[in-house]
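Enquirer: fold the following.
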Amino acid sequence: MNPENKTETPQPVAYDAQGRPLYAHPPTTAPPAPEPSHQVVHMTRMAEPVEQIISPETQLKHERSVRLYPFLNLSQGEYVIREVRRHPIGLFLPLAIGVILMALAVTILFNFDIIAESLSLSESAASFWTIFFPILLFCILIGLGMYVIYYVYINNKFFLTNESVIQEIQVSLFSRREQTVSLANIEDASYRQENLIQTLFNYGSIRLSTEGDETTYRFTYVANPKHHIATLNNAVEAFKNGRPVPSDD
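Expert: Predicted structure coming up:
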């Protein structure tokens with residue numbers, strides 16, 4: 001008989017009041033809880049992604065936008081829905097100041113003989129040609145300044161496409177940059193008219209905020225901002241819900 005196969009009979013350690021034996025058993029411990037496993041999912045990208053199907057109508061709109069706005073970086077099938085320009089009232093004050101300064105300089109030039117006589121200037125100092133070239137240079141500089149202000153102002157533009165919002169920012173005569181925000185990342189779009197003049201002339205500012213980094217984009221002196229924001233909100237809602245983005249055409 002193999003002793004390894006023998007089972008030992010447990011011996012009672014005590015008896016209860018009715019004479020029944022009581023046995024001692026080792027305490028049972030619950031098995032340790034399994035450690036949570038961290039599953040890593042590897043996503044693969046197709047070597048040759050499926051080409052997006054673009055309708056002939058969308059392709060025509062894309063080609064038209066590329067032709068009209070060659071400076072914009074439009075993706076395949078992307079087209080411009082709306083171009084938002086600044087209200088001309090923003091040019092009124094700087095251009096008015098420039099016109100007043102030039103008019104004052106010309107007035108001084110044509111009335112210089114009277115001014116020289118009242119100031120008792122000598123004949124050489126009272127000569128018309130003494131002041132002609134400084135006045136001419138002053139007017140040229142004022143004219144150049146007015147042109148730079150006008151150029152920078154009108155080249156700040158805001159474009160709404162069927163995929164994104166593109167803002168062309170002209171900082172100075174030789175400084176230009178572009179900001180692009182996908183419609184999927186726009187969390188809030190609103191407009192503001194702050195005073196009586198903005199309400200009377202129907203212009204204001206547009207504000208966009210994005211998800212995640214909470215970046216805020218602003219575009220000022222926008223004509224009819226309420227109408228543009230309504231179009232933008234409709235485009236964002238349609239894009240996020242997978243519907244065709246409405247066009248102005």
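Enquirer: if you count neighbours, what's buried in the lengthiest helix in the chain?
Expert: Among the segments of the chain that qualify as a helix by DSSP state H, the longest is helix 128-154. Neighbour-count burial for helix 128-154, counted by 16 or more other C-beta atoms under 10 Å, picks out 131, 135, 138-139, 142, 146, 149, 152-153. From N, CA and C alone the C-beta is placed, and that goes for glycine too.
Enquirer: over to stretch 83-92?
Expert: Using 16+ other C-beta under 10 Å as the test for burial, stretch 83-92 gives 83-84, 86-87, 90-91.
Enquirer: for stretch 72-81, same thing?
Expert: With burial defined by 16+ other C-beta under 10 Å, the residues of stretch 72-81 counted as buried are 72, 74, 78-81.
Enquirer: narrow these to those in strands?
Expert: Among those, the members falling in strands (DSSP state E) are 80-81.
Enquirer: for I115, what are its contacts?
Expert: I108 (C-beta atoms under 8 Å, 6 or more residues apart in numbering).
Enquirer: domains in this protein, by residue range?
Expert: 75-87+156-240, 91-152 (automatic domain parsing).
Enquirer: quick one: mean pLDDT over the shortest one.
Expert: Okay, so that is domain 91-152. In this model, domain 91-152 has a mean pLDDT of 86.
Enquirer: just give the nearest non-adjacent residue to the residue sitting nearest the centre point of the chain, would you?
Expert: For the chain, the residue sitting closest to the mean C-alpha position, by C-alpha atoms, centre = their mean, is Y217 at 4.4 Å. What sits nearest to Y217 in space, not counting adjacent residues and going by C-beta to C-beta, 6 or more residues apart in numbering, is L208, at 4.4 Å.
Enquirer: hey, what's that neighbour bridged with?
Expert: Judged by DSSP bridges, the bridge partners of L208 are A189, Y217.
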